[in-house]
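sequence below, structure please.
(4 chains)
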Amino acid sequence: MSEIRATEIMVAAGAHELKDQETVVVGIGLPQIACFLAKATHAPSLTPLLEIGVANMRPKDTPVGLADSRIFYRATCWSGFLDVMGMNLHRGLVDTGFLGALEVDRFGNINTTLSREGGRLRYFNGSAGGNDVASLAKRVIVIMRHEKRKLPVAVSHLTSPGFVGGRPRAELGLRGGGPHRIITDKAVMGFDKENHSATLVSLHPGVDLEDVLANTGFPLQVPDVVPLTPLPTAEELRLLRDEIDPKSVYLGQAH
Amino acid sequence: MSEIRATEIMVAAGAHELKDQETVVVGIGLPQIACFLAKATHAPSLTPLLEIGVANMRPKDTPVGLADSRIFYRATCWSGFLDVMGMNLHRGLVDTGFLGALEVDRFGNINTTLSREGGRLRYFNGSAGGNDVASLAKRVIVIMRHEKRKLPVAVSHLTSPGFVGGRPRAELGLRGGGPHRIITDKAVMGFDKENHSATLVSLHPGVDLEDVLANTGFPLQVPDVVPLTPLPTAEELRLLRDEIDPKSVYLGQAH
Amino acid sequence: MSEIVATVPNGAHIALGGFAIARNVITIVHELIRQQKRDLVVSQGVAGLDTDLLVGAGLVARLIIGGGSLDRFGPVHCINRARETGSLLFEDWTSLSLCFRYLAGALGLSFIPIKSLIASEILERLERGPGAGDVKPMQCPFTGESYIALSALTPDVSFVHVQTADADGNCRIDGPRWENEEQAKAAKRLIVVAETIVPTEEIQRQPERTIIPGHRVEAVIHQPFGAHPTAVFGCYDYDAAHLKLYVEHSKRAERIGDYIGTYIRGTKDHREYLEKSGGLAHLAALKADPVLGY
Amino acid sequence: MSEIVATVPNGAHIALGGFAIARNVITIVHELIRQQKRDLVVSQGVAGLDTDLLVGAGLVARLIIGGGSLDRFGPVHCINRARETGSLLFEDWTSLSLCFRYLAGALGLSFIPIKSLIASEILERLERGPGAGDVKPMQCPFTGESYIALSALTPDVSFVHVQTADADGNCRIDGPRWENEEQAKAAKRLIVVAETIVPTEEIQRQPERTIIPGHRVEAVIHQPFGAHPTAVFGCYDYDAAHLKLYVEHSKRAERIGDYIGTYIRGTKDHREYLEKSGGLAHLAALKADPVLGY
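Numbers count the residues shown, from 1 in each chain, chains lettered A, B, ... in the order given. All right, here's what the predicted structure looks like:
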């Protein structure tokens, strides 16, 4: 078996966060891959939902995006935003929202709208369902590449709220529980129960704490003991490589 | 051809009120028969809707009620309350609401909830969609038997609003245009543009004005010239008797 | 089945998916009566035999309905009698206002505005009855237009009878669906009774027909003729003889007990009930024509 | 077709039924460009090639969208560039908030409450931009819970691309439907483009699949491959080569005109456009596998 890639560690870490029986709204890419891995292993009764109106899809071919017919193959329900985002998410039934991001800050606020590079403003895709998921899911997991500029003290644009200003969610008027994990190619981060600031949960094997700190734009809380992120098992790797993303469309990328 | 029955005159008068292209929410019984007659003659593109979530049904067999599968045969859409009553009626797209009633008063208020006979209170079916239709349709037609106790000065229970207290609809806060016609086995009544009180529109052939006044519980306005209600044409009678209600399930009844 | 019904506590708010004489959850209603539940709150758009029976059997403390009818077989005598004698708390709504209240519940909104009810005695009675806390005049924050705000309705358990489901609870409903979808999705728990259980592969062939996705469903009960004597479009017609017999009993307070004794308390499950109601030969005659659906 | 598009006045609010690279109303968008409409207001849940083209062609004065993407083919360059240069009024919403605004419009409610947007910069920007009159904090009249009230969105014309319709406009949509139903039913006028026209008898065989009933539809345009180069589930896949070509052009302001000149202004109708885009042989290769649907 070839060397374990960072994306495989990320995806396995994401899968391990998901429990059986959960309802999960997933974005395209690594979130979706993590969700299928969980479903193929410890969470067979997990229900993945796509915002466009899909429940429990079992794609056979790798899709290029959320609007690609490949992603909703063998679903058990096709509906629309109103059912998935209204009657599940807004109803408070979504256990986990699983998102990507351009930037995430220390309070788990997410930017998917714009970047400011060298003073130049560039716009990206915006929220789509991201703000809704971040506002309403019981907990939110973000999966992204670990770079200093992508993990700033404060996001350039607060598209989707975390613990805004370090405040508790209820005080913000938000129903969902807010950010739970940021999973990167270097580490898994969580949020402090008291001050709601990002805190290190585990380091991926082979990654130094210094490396993480040097590549994190915000002050990261570090507990006394930092465990290692469990590596994907041989069976998980087999599933990922042979069944879930055999062409490495998502696993082959730097995310 | 046998003698024309009062129900046939009522149904034809109801059909004549409907225009082509209209969207009509119909109740079971004579309203539905009138609607099918209009559609088979001058209003082929009329769309009948049933509150339960049916558009454009073409029943073959006579149904016993709104929940009878016979009534939604050959429909072009099956949905639910939310589409028909929400996205059509509440949206303001229903041209005519066509209802039955236990009682209607001079301002077109409708009672379908209870009767007080000899001091004894008896409850009936309640509103179902009746209040919604009366509140929201652009105009409302009621079809019922002409009896003094069924046409009182004020209804025993105001289930569905007409021009409550003789007030204009907008002032009441109601979106729909309110009552337009009461069609009985003796006459067609309308509502005065100024005082919103019931006014005679036409007498059925062979019915005296005195008969109508004696059998109307509220003071009915009578114009100087009262025309006769047009009789159903031979073709209308043929359609009613041979195609729309061949077993006289509805036309055979006193309504 | 009886275990599932056993999980419904006395005093629970249950919502029923039937409409008049169509798709009533008769299996469930019978079992609730056999188990002698008490003080139920029942909500439904237009009540039929289902709720009339529950009221007739004395299980209901409070009714939240938009109307009630057995179509041309008669009125809902037990419900009307209970109103007349004041033996239960009664809230009289309308089809759309209840649908909107379920919709709000399904969407996780605590309220929804409506332009029905206004200037009616229905509203007046709600305002001075047990529904007083569920209606309130309000204005649109943008246009100033007046509305009646309705509170969300979120039943403890919704029961719905459908034609087709898979073992995971993915449900198809054929024919009109009245407020089934909103009512089912508004509930805290959802129990489905299905005429036919199909493999999930069949559901996957036409996922756009899944009205209720399986993850919303706590349990699926497979019960052919489970809505008898009411009709299930595409499966069987209403049983006119049985409905007449029911109305004969329901129209007198002293006779409804006989019906309940014979057909419900006197049978141990739905199979025995069907046997007593005429058995296979009788049921076969009710089977729907595949083209007509009735 | 061109006559129907001619009835859309300059300055109209149009809503498009596409999502990223699926079921875009390309036929309509091309014709709007050929007719050089001006000052359009465009609303859409998640914009794709359709709206990107309209912006690239300079037809749009104001955008009301929840997001935008060409999936992995790239971002919506023309839209993003227009935001960067400030050449149009831009309202950034979310999928659910726009869906709720359409839902309110479809239900004839002037407003609807939501628990998204709260504490975000999306809300802040809306409050100080052209959407300022469409969001307002409010409280539930029953629970006191804080919501953001959204105003109803009622487009002048909605356009939706569907797989199947009959001549009366009864529409089926296969696959997920995003906000199609609410958007279509919120509109004052509704125009449908269908891949296939079936007899009404076929609609009557499965009326539960009718998502939009015919009486809501002003016109049905029959146009096979009418969404090309985007995908129509069950009919054809997206045209990856064409999408790449589009993104090559759209990513530079100076090149998008070439694409529009060649494929839109340089063709007189959708048939000529399809011919220029590779013709029959090319299209045949995109046809969906009947089992997979792509």
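
alpha carbons only for contacts and neighbour counts from here, please
Fine.

what segments of chain C are strands?
C:13-16, C:40-47, C:60-68, C:89-92, C:111-114, C:135-139, C:146-151, C:157-165, C:171-172, C:189-197, C:210-212, C:219-222 (DSSP state E).

any residue of the fourth one up close to chain B?
The reference is to strand C:89-92. Yes - under the criterion of C-alpha under 8 Å from any C-alpha of the partner chain, chain B is reached by strand C:89-92 at residue C:92.

name the residue of the stretch 151-255 of chain A that lies nearest to chain B.
Among all residues of the stretch 151-255 of chain A, residue A:175 sits closest to chain B, at 26.4 Å; criterion: C-alpha to the nearest C-alpha.

make that the stretch 51-200 of chain C, sorry
Using C-alpha to the nearest C-alpha, residue C:178 is the residue of the stretch 51-200 of chain C that sits closest to chain B, at 4.0 Å.

next up, phi/psi of the closest residue to that residue other than its chain neighbours, please.
Distances taken as C-alpha to C-alpha, 6 or more residues apart in numbering or on different chains put residue B:80 closest to residue C:178, at 4.0 Å, once the chain neighbours are dropped. Torsion angles at residue B:80 (phi, psi; degrees, to the nearest 10) stand at phi -160, psi -170.

now the top helix by length along chain C - C-alpha only, PDB.
When chain C is parsed with DSSP state H, its longest helix is helix C:95-107. Extracted C-alpha coordinates of helix C:95-107, given in PDB (Å, rounded to 0.1, in the frame of the first residue of the first chain):
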ATOM      1  CA  SER C  95     -57.900  23.500   6.100                       C
ATOM      2  CA  LEU C  96     -55.400  26.200   5.200                       C
ATOM      3  CA  SER C  97     -54.700  27.600   8.700                       C
ATOM      4  CA  LEU C  98     -53.900  24.100  10.000                       C
ATOM      5  CA  CYS C  99     -51.800  23.300   7.000                       C
ATOM      6  CA  PHE C 100     -49.900  26.600   7.600                       C
ATOM      7  CA  ARG C 101     -49.500  25.700  11.300                       C
ATOM      8  CA  TYR C 102     -48.000  22.300  10.300                       C
ATOM      9  CA  LEU C 103     -45.900  24.000   7.600                       C
ATOM     10  CA  ALA C 104     -44.400  26.300  10.200                       C
ATOM     11  CA  GLY C 105     -43.700  23.300  12.400                       C
ATOM     12  CA  ALA C 106     -42.100  21.500   9.600                       C
ATOM     13  CA  LEU C 107     -39.900  24.500   8.700                       C
END
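
on that earlier part again, now the strands of chain C as TSV including mean pLDDT and distance to residue D:277?
Shown next, in TSV, are those (pLDDT from 0 to 100; distance: least, C-alpha to C-alpha, whole Å):
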stretch	mean pLDDT	distance to residue D:277
strand C:13-16	98	55
strand C:40-47	98	53
strand C:60-68	97	57
strand C:89-92	96	61
strand C:111-114	98	49
strand C:135-139	98	53
strand C:146-151	98	53
strand C:157-165	98	44
strand C:171-172	98	41
strand C:189-197	98	47
strand C:210-212	98	37
strand C:219-222	98	51
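
ok so, going back, who touches the residue nearest to residue C:178 in this structure?
Residue B:80 makes contacts with B:51-54, C:176-180, as judged by C-alpha atoms under 8 Å, 6 or more residues apart in numbering or on different chains.

at 6 Å instead, please
Taking C-alpha atoms under 6 Å, 6 or more residues apart in numbering or on different chains, we find residue B:80 in contact with B:52-53, C:176-179.

again with residue A:142
Applying C-alpha under 6 Å, 6+ apart, the residues near residue A:142 are A:98-100, A:182.

the residues you listed in strands, which ones?
Applying DSSP E to these, the entries found in strands are A:98-99, A:182.

from those, which are also near chain B?
The subset of the ones in strands among the contacts of residue A:142 within reach of chain B, counting by C-alpha under 6 Å from any C-alpha of the partner chain, is empty.

what is the burial count for the residue of the stretch 51-200 of chain C found nearest chain A?
In the stretch 51-200 of chain C, the residue that lies nearest chain A is residue C:108 (3.8 Å; C-alpha to the nearest C-alpha). Using other C-alpha atoms under 10 Å in any protein chain shown, residue C:108 has 23 neighbouring residues.

which residue, neighbours along the chain excluded, lies closest to it?
residue A:91 (3.8 Å).
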